[in-house]
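# sequence below, structure please.
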Amino acid sequence: MEHTATGVQKYLNIVSQYDNEFKKWEARAEKIVKRYRDDNRSQHTNETAKFNILWSNVQTLIPAVYAKLPKAVAERRFGDNDPVGRVASELIERALDYEIEHYPDFRATMRYAVEDRFLGGRGSAWVRYEPHVRTLDVPEDGLQVTEDIDNEPAETLEGAENPENQDYTAGGEAEPQEEIEYECAPTDYVHWKDFGHSVARTWEEVTCVWRWVYMTREALTERFGEKMSKKIPLDSGPETLKSYGQSNKERTRAKVCELWDKETGKVYWFTKNYSELIDERDDPLELEGFFPCSKPLYSTTTSDTLIPVPDFVLYQDQANELDILSDRIDGLVKALRIRGVYDASQPALQRLLTEGDNNTLIPVDKWMQFSEKGGLKGAIDILPIDELANALLNCYRARTEIKAQIYEITGISDIIRGASAASETATAQQIKGQYAGLRLRSMQEEVALFASELIRLKAQVMCSKFQPQTIMLYAAAGQMSQPDQQMIPQAMQLMQDKPLRNFRIEVDADSLVQIDEQQNKKDRVEFLTAFGGFMREALPVGQQSPELVPMLVELIKFGIGGFKQAKPIEGVLDVALEQMKQKQAGPQEQKPDPEMMKMQAQQQSDQMRVQADTQAAQAKMQSDIQMTQAKAQAEMQIEQMKMQHAAQLEQQKLQFEGQLKNMEMQAAKERTELEAATKIMVARIGANPGLDLPLMEAQQAASEKVSAELGENVKMAIDHMAQMHENMANMHGETMNRIGGVMQTLAAPKRIVRGPDGKAVGVEVAA
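Numbering: from 1, shown residues only. I've put the predicted structure just below:
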């Protein structure tokens, strides 16, 4: 059915469709509740006797599936060895335990929801965020005044019009400041009449859920403001109170609907008696599944409707027969008494049943005549009660058979009730208990799943809404170990990032029922024995082969995962195993074992073979390295010789050029001196012509002397150059000979040199 209406009318149509669909179920549930409370007997004094098997079964099943507060277990989703994740899961688990144990709402909610499941067939609950705010006001005298405000649910805090908390800045007064004093995530019980959802075949198809809340005028004003609260009439109240005689004058509350629409992602508040929406908001809690409630705790449902079938409906015919038989038994018991007639002429016979006592005789007049008439047998006739007694026994027998049929239908066996035959062996009783516990275990798992979903919702609210200091306070973080306290900031950051994706939060079904203390002790002793035996076997292996320690660590974690009692010591075990992982201990002495010695000899042989192969490979590698080094050394020597040769040539060239230059300078000097002497001589000859011949001879002699010295110097220079070239040629030849020797050595065949033990010790040139 498509809803074309908008606003309030759209959702009123959805609510009306639900009311029409679930009207028959609500009427049936009301009758079952009245029968459970036995209200008809209190209203009708002449009511026949009944056997309240409904109360008996419910009172038996409730403690069998829920007898104590659940124990929340928060674990890393994949069990990785992540210390930060371990600390975060421990913080979540501690905070959840504090919330569950400190506030009584969760205890009552679970109790009422389980009771509704076994009566009407559906139990539901609602999770919300409730911060408690206190106002900090600083008056003119400087003294701080605090005002505690115990708030309504979280939705009552946002957007509320509060005329008493208006702007205080007028007149120079300071605006009051607010801070969260403490915060919690309550779990509210929702009566089966006050809960509803869009009509669907399965819970996964539900698009919106709602609950009806009954609010006083003060609550309306605080939540919606004074202006809006005046528009909402106080003409409603809980229907249960109406059923028990509450008058309209006493019903001073407004019935407000809080509806969560998954399709729009918004929350709406409205009432049937007001034509507009009271309030509308975006998703205030930001939960993964959007709905603030878990899937209700159902009795019997099918895949085509969410209308539950109460358990009592399945055996109500047998219960009616049980009531009829109980009434018959009551009548037979009342009728089962001595009745009869006697001879009126003998009034003493009446005294026989009223006054007769042990050793008491009652006199009878005219005894002869009395005895002739047959005596006592002839004067009195008692109504026979054999048939009444047989009928009573048959009624008892029939009632027992009907009770057995009811127990078979409901799954309550005689072993659960503690009734068993004395002839049965302990094994037979154990088999009966296991068989009877199959259906009971299924009910326990359903209740545990319901509690787990509620706790998951609570955990999401705590991780996304709570302040870090609140979580640390609830979790008693100061009592954690010092290494864990150092990882708390990282753990808090991890908790705020999709907690359900990083962690797995669940409730064990066994934690909801009373566990046998002897069995609990037995499990603990079994765990300690198994763990001690494993440690005795694992420690020597870890000491002899440290590389196997990680594998042993994983095996220990795998073994501990099967013991629920060992989960609290996981952190301590991680630290201890990490320290053991880093230890290196010497091997312990063990008795010689032939098989072990054979295996060790084989291992040594394999090790020697591997070692020989390794040494051969190392020798070959060393030979290759030596050849490479020799080749590189020869090339380096050649390069050095070339550089030295070039340097010597350059040096000799420079020396020759210097000598040649000196010779030229000397010749130029001598030439200059000769020219000066010649000029002087020419001047003298001009002045004295008789001296020209000796002077000319002297000049010629000097010129010849200069030429001779110059020729000698040139010859010496040429000889020096020739000697230098010869030296360079010799040096080059010597270098080439050395290079040839090195190359010949590198190209020569090699052989491996082995020591006395046959192991390779080096490489040499073969002869």
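# run through the helices of the stretch 451-600 of the chain in chain order.
Listed in chain order, the helices of the stretch 451-600 of the chain (DSSP state H, counting those that start in this stretch) span 468-474, 482-486, 488-495, 499-502, 517-544, 549-560, 570-582, 594-687.
# averaged pLDDT, the third one. What do you get?
Within the predicted structure, the mean pLDDT of helix 488-495 is 84.
# cool, the fourth one as well?
Looking at helix 499-502 alone, the average pLDDT works out to 70.
# where among the helices of the stretch 451-600 of the chain is the average confidence lowest?
helix 570-582 (a mean of 61).
# which secondary structure elements does the helix or strand containing residue 133 contact?
Assigned by DSSP states H and E, residue 133 belongs to strand 130-137. Strand 130-137 sits against strand 145-149, strand 177-184, with contacts defined as 3 or more CB pairs under 8 Å, 6 or more residues apart in numbering; DSSP states H and E. Any C-beta I mention is one placed from the backbone N, CA and C, and that applies to glycine too.
# and the ones you listed, which one averages the lowest pLDDT?
strand 145-149 (a mean of 43).
# so what touches whichever strand or helix holds residue 408?
Here residue 408, judged by DSSP H and E, is contained in helix 386-410. Residues from elsewhere that reach helix 386-410 (CB atoms under 8 Å, 6 or more residues apart in numbering): 51, 53, 57, 61, 311, 314-315, 318-319, 321-322, 325-326, 328-329, 332-333, 335-336, 412-414.
# what do you get for stretch 366-380?
Here stretch 366-380 makes contact (CB under 8 Å, 6+ apart) with 340-343, 346, 349, 364.
# these in strands, which ones?
340-342 (DSSP state E).
# which of the residues you listed are buried?
Neighbour counting with 16 or more other CB atoms under 10 Å marks residue 342 as buried within the ones in strands among the contacts of stretch 366-380.
# what would the ones in strands among the contacts of stretch 366-380 look like in CSV with distance to residue 304?
CSV is the format used below for the ones in strands among the contacts of stretch 366-380 (distance: CB to CB, whole Å):
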residue, distance to residue 304
340, 65
341, 67
342, 71
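# residues of stretch 178-187 that come out buried?
Buried-residue list, stretch 178-187, by 16+ other CB under 10 Å: 183-187.
# swap in stretch 470-489?
470-472, 474-475, 477, 480, 484, 487-488.
# got the end-to-end distance for it?
14 Å (CA to CA, to the nearest Å).
# what lines up beside the strand holding residue 133 in the sheet?
strand 145-149 (antiparallel), strand 177-184 (antiparallel) (DSSP bridges).
# excluding chain neighbours, give the residue nearest to residue 313 in space.
residue 28 (7.0 Å; CB to CB, 6 or more residues apart in numbering).
# from residue 405, how far out is that neighbour?
21 Å (CB to CB, to the nearest Å).
# which of those two has more neighbours?
Counting neighbours by other CB atoms under 10 Å for residue 28 and for residue 405 shows that residue 28 has the greater number, 19 against 15.
# so that one is in contact with residue 312, correct?
No. With contacts defined as CB atoms under 8 Å, residue 28 does not count as touching residue 312, sitting 9.0 Å away.
# what about the nearest residue to residue 184 once chain neighbours are set aside, distance to residue 260?
Leaving aside its sequence neighbours, residue 184 sits nearest to residue 130 (CB to CB, 6+ apart; 5.4 Å). The gap separating residue 130 from residue 260 is 17 Å, by CB to CB.
# those two: who's more crowded?
The residue with more neighbours, out of residue 130 and residue 260, is residue 260; 24 against 21, by other CB under 10 Å.
# for the helix or strand the more buried one falls within, which outside residues touch it?
Here residue 260 is covered by strand 254-261, with elements defined by DSSP H and E. Outside strand 254-261, the residues within contact range by CB under 8 Å, 6+ apart are 11, 15, 155, 207-215, 217, 220, 232-237, 267-272, 278, 290-292.
# repeat the analysis, applying 6 Å as the threshold.
Strand 254-261 is contacted from outside by 11, 208-215, 232, 234, 236, 267-271, 291, using CB atoms under 6 Å, 6 or more residues apart in numbering.
# quickly run through the sheet partners of it, with directions.
By DSSP bridges, strand 254-261 pairs with strand 208-215 (antiparallel), strand 266-270 (antiparallel).
# of those, which is nearest residue 301?
strand 208-215 (16.3 Å; CB to CB).
# what angle do whatever helix or strand comes next after the closest one and strand 208-215 make?
Using DSSP H and E, the helix or strand that follows strand 208-215 in sequence is helix 217-224. Helix 217-224 and strand 208-215 are oriented at 130 degrees to each other (axes from the mean of the first three to the mean of the last three CA atoms, to 10 degrees).
# so which elements touch helix 217-224?
Using 3 or more CB pairs under 6 Å, 6 or more residues apart in numbering; DSSP states H and E as the contact test, no helix or strand touches helix 217-224.
# I'd say residue 92 and residue 74 touch.
Yes. Assessed by CB atoms under 6 Å, residue 92 is found in contact with residue 74 at 4.3 Å.
# what about the residue nearest to residue 313, distance to residue 300?
When residue 28 is compared with residue 300 (using CB to CB), they lie 13 Å apart.
# again with residue 260
From residue 260 to residue 300 the distance is 26 Å (CB to CB).
# before we move on, what about residue 546?
Applying CB to CB to residue 546 and residue 300 gives a distance of 59 Å.
# neighbour-wise, which of those two wins?
Legend: neighbour count by other CB under 10 Å for residue 546 and residue 300, higher for residue 546 (15 against 11).
# local confidence estimate at that one?
So, for residue 546, pLDDT stands at 73.
# hang on, residue 31 is in a helix, isn't it?
Yes. Counting by DSSP: H, G, I helix; E, B strand; the rest coil, residue 31 is located in a helix.
# element containing residue 281?
strand 279-282.
# if you count neighbours, what's buried in the strand or helix carrying residue 26?
Taking DSSP H and E as the criterion, residue 26 maps to helix 8-37. Under the neighbour-count criterion of 16+ other CB under 10 Å, helix 8-37 has 8, 11-12, 14-15, 18, 22, 25, 28-30, 32-33, 35-36 buried.
# for the host helix or strand of residue 94, packing partners?
Using DSSP H and E, residue 94 falls within helix 83-102. Packing partners of helix 83-102 (3+ CB pairs under 6 Å, 6+ apart): strand 72-76, helix 468-474, helix 488-495.
# need the ones you listed in CSV with distance to residue 117, can you?
Formatted as CSV, those follow (distance: least, CB to CB, whole Å):
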stretch, distance to residue 117
strand 72-76, 21
helix 468-474, 30
helix 488-495, 32
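# mind checking those for the one nearest to residue 354?
strand 72-76 (70.4 Å).
# what's the angle from the closest one to helix 488-495?
Using the same axes, to 10 degrees: strand 72-76 against helix 488-495 is 100 degrees.
# who does strand 72-76 pair up with?
Strand 72-76 is paired, per DSSP bridges, with strand 503-507 (antiparallel).
# about what we covered before: just the buried residues of stretch 178-187 now: which is nearest residue 283?
The closest of these to residue 283 turns out to be residue 185 (CB to CB; 16.0 Å).
# and the gap between the closest one and residue 284?
Taking CB to CB, one finds residue 185 at 13 Å from residue 284.
# show me what contacts residue 17?
residue 199.
# err, residue 548, not the other one
residue 541.
# could the strands paired with strand 254-261 be laid out in TSV, adding mean neighbour count and distance to residue 126?
Below are the strands paired with strand 254-261 laid out as TSV (neighbours: other CB atoms under 10 Å; distance: least, CB to CB, whole Å):
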stretch	mean neighbour count	distance to residue 126
strand 208-215	22	6
strand 266-270	20	12
